[in-house]
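Could you look at this predicted model? Sequence included:
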Amino acid sequence: MRTGLTKREKTTAIYFDEYGSMIEVQTHNTDLKKRLTAFAKDHPQCCRQIDDDEQGGLTFEIEKGRLSFRLTAPYSEERKHAASEWATRNGFK
């Protein structure tokens, strides 16, 4: 879908405060939109679409505790080397 927006303008914003029980997610990211749409369909008591900006962006409201952030530390050189050796031994390139 052509929206007329540049990639820099196609953002994802997540809003929540410490008081409320809901998180608002505004996104142009296709994968995230699909995942949130499916989640809202399967669990309407926890998540719902609340807006469509008609430029490719959707906004969802989702219960706190249903959305998580995962921070991953960089692999150490030792771990990278061990993974490389394992992949070589097991036929991965």
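Thanks, I have it.

quick check, Ala83 in a helix?
Yes: using DSSP: H, G, I helix; E, B strand; the rest coil, the assignment for Ala83 is a helix.

In this model Glu77 seems to touch it, though I could be wrong.
No: using Cβ atoms under 8 Å, Ala83 is not in contact with Glu77; the gap is 10.8 Å. C-beta: built from backbone N, CA, C; applies to glycine.

Look at these two and report which has more neighbours.
Ala83 (12 against 8; other Cβ atoms under 10 Å).

Check the gap between the more buried one and Gly91 for me.
14 Å (Cβ to Cβ, to the nearest Å).

got it, and Gly57?
43 Å.

out of the two, which sits in the busier spot?
Legend: neighbour count by other Cβ under 10 Å for Gly57 and Gly91, higher for Gly57 (20 against 6).

nearest residue to that one other than its sequence neighbours?
Nearest residue to Gly57, sequence neighbours excluded (Cβ to Cβ, 6 or more residues apart in numbering): His28, at 4.7 Å.

Could you give the bridge partners of Leu58?
Judged by DSSP bridges, the bridge partners of Leu58 are Thr27, Asp52.
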